[in-house]
Every structure is written in structure tokens, then in C-alpha cells.
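> show me the folded form of this:
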Amino acid sequence: KRTQQPKFPAIFYFGDSIFDTGNNNHIPTLGLANHPPYGRDFPGSRPTGRFSNGRLVPDLLNERLQLKEFAPPFLDRSLSDKDITTGVNFASAGSGFDDRTSRLANTMPLSAQVDLFREEYLPRLRSIAGDKEAARIIASSLMFINSGTNDFTHYYRTSRRRLGIGEYQDTVLQLARAHVKELYNLGGRQFILAGLPPFGCIPLQITLSGDLERGCVDEQNSEAQVYNSKLQKLIPTLQGSLRGSKIVYLNAYEAFTVILQGTNKYGTFSSNVMIPNLYLAKWTPLRSLILHISFL
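I've put the predicted structure just below:
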């Protein structure tokens, strides 16, 4: 039973596979997790489209904040009015801030996710709650954005490398800034922006590096940290330009590093590669991380 009112009336999630709770099931894409072994620890032991053995961070955060048990994907047309008024999930596995990242797998980039929020979600919310209450819900809710990893892994695998890594970081940051501003203009006031994880430890990045010892790609991890530093510097400026907003940085790099350095403690199976999303829901550091978002 709930012991207190939820801190937010709703939470809205935007991003990639770390957040996607099933949207990709409803679009023509190869980026799917609606088959075994996904979902083996999810209630009912069934795959749901989550790239995980069980629940994802949006599900855990919704439960922790006593909002609801899961974070339903917006493209699930069976959503109830209560689902709509308490927040939905727009994330799409394989996506990024950069539209080009989504093209190969035909997933929804952040721009499409924000369009979905504006063009389909908001009209439905207003039809349920009325204009005034809908505006209150959006202004009081949390907008959680986790994206960018796919942009940079694709950068290292494509012709985008013609652009210097520093320039590409700046390009992605400007896209992130633009999406936050658009959500602000649509009524959002409270945001979390997650930084990059050490994506040089993703198995594919290690394989492509050609390192026979299977070590993380230090150069890529260093660039992830540079991007994160730039993002942290951008946030106060962005918040200052959006009157009445609050924007919090989430240190995903540190959370994943704790996991990589404590594989035995957290039940993962390798000390030198980032564990696939299949194991995400059991990662205690991520559970801990969501409890320490500074303004929750």
C-alpha cells in the first residue's frame, strides 16, 4: 500500500534500449526483444519487448516513486486513461539524438519520440483530463531522457568519423538541448538528462577494435567522459535559459563502472565487457542510482 502521494503525477521516458519497455514491438524494425531469452525474470516469465531479463529502470523508478508498477510503452494501443494520466514511455531501442542513428534499424529517434508526445499523447491527455489539468500534469511531471550511446557507437562504425569527435559531441549536445527546449515549450519543467556510459566496454565495440585480449576501448571511454563533462557544463546554462525549469544530470558512467568493477558482487559474468541489457534489471548499482537523483 502507498504510504505517501507520488512525488510526480507522471513520468515520461525518452531514449533507447535502456528505457524501451516495448515500443519497438509496434514498429517495423529488426530491433526487437519480444522473444526468449528476454523476459525470463519478468512477471509471467515472458518477453515484453524490454531488452532485459526483467524490468527496466523506468519500471523500477515508477515503483520506487509509488507511481505505478511499470512504465507502459505509448505505442501499446491498449493503454488505459489511467496509464495516460500517470505517464508513458516513448523510448525506442537502437535510437539516438541523431536521426541518422535510427535509419538502419528503422527505430524512432528522439525527434520522432518528441513528435509522438506532441502530436498524439498531448491531445489524448487533454481529451481525458481537460486542458487545464493536462497542463498541470505536464508541468509537475518528470521528463527523463537517456540517449546518445547509439549515436557514438555508430560514429565509430560509420563515415560520420569524417567529422572530428569533438565536433560530433557538440552536434549531439545541440540536439539534446533542442529536444529539452521543445519539451519545455510543450509544458515540461523538470528534466533528467543521463550522461553516456563507458560505451567502449560494449562487446561489439571491443570486437571491432580488434583487441585479442578483449579489453575495453579506452579511447572511446575517454571520449564518453569528455562528452559527459560538456553535458554537465551545458545543463546550468540550459536551465538558466528556460525559466522555471529544473534539469538534473545523471551520472550513468559511474553506475556502469561500479558494475564493471564488481562483477562478482553483482552476479555478472565478465570483468572486461559491458554486460548486455539482458541483465540490466538485476544491477544493484542502477537500483541505487535511481534512489539518489538529487531532486526526487
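> what's near enough to touch Ile11?
58, 61-62, 65, 67, 71, 87, 141-142, 144 (CB atoms under 8 Å, 6 or more residues apart in numbering). Where C-beta positions appear, they are placed from N, C-alpha and C, glycine not excepted.
> take those residues and keep only those in strands.
142, 144 (DSSP state E).
> wait, which of the contacts of Ile11 is closest to Leu110?
Within the contacts of Ile11, proximity to Leu110 (CB to CB) peaks at Phe144, which comes in at 12.5 Å.
> so who does the closest one touch?
So Phe144 contacts 11-15, 19, 58, 61, 191-192, 194 (CB under 8 Å, 6+ apart).
> just Leu125 next, same as before
Neighbouring residues of Leu125 by CB under 8 Å, 6+ apart: 84-85, 134, 137-138.
> returning to what we had before: the contacts of Phe144 in helices, which ones?
58, 61 (DSSP state H).
> how about the contacts of Phe144 in a markdown table, adding pLDDT and distance to Gly244?
Below are the contacts of Phe144 laid out as a markdown table (pLDDT from 0 to 100; distance: CB to CB, whole Å):
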| residue | pLDDT | distance to Gly244 |
| --- | --- | --- |
| Ile11 | 97 | 19 |
| Phe12 | 98 | 18 |
| Tyr13 | 98 | 22 |
| Phe14 | 98 | 20 |
| Gly15 | 97 | 24 |
| Phe19 | 96 | 25 |
| Pro58 | 95 | 25 |
| Leu61 | 93 | 23 |
| Phe191 | 97 | 12 |
| Ile192 | 96 | 16 |
| Ala194 | 96 | 22 |
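> can you put the contacts of Phe144 in a markdown table and add distance to Leu110?
Shown next, in a markdown table, are the contacts of Phe144 (distance: CB to CB, whole Å):
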| residue | distance to Leu110 |
| --- | --- |
| Ile11 | 17 |
| Phe12 | 12 |
| Tyr13 | 12 |
| Phe14 | 6 |
| Gly15 | 8 |
| Phe19 | 11 |
| Pro58 | 16 |
| Leu61 | 19 |
| Phe191 | 13 |
| Ile192 | 14 |
| Ala194 | 12 |
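> thanks a lot, catch you later.
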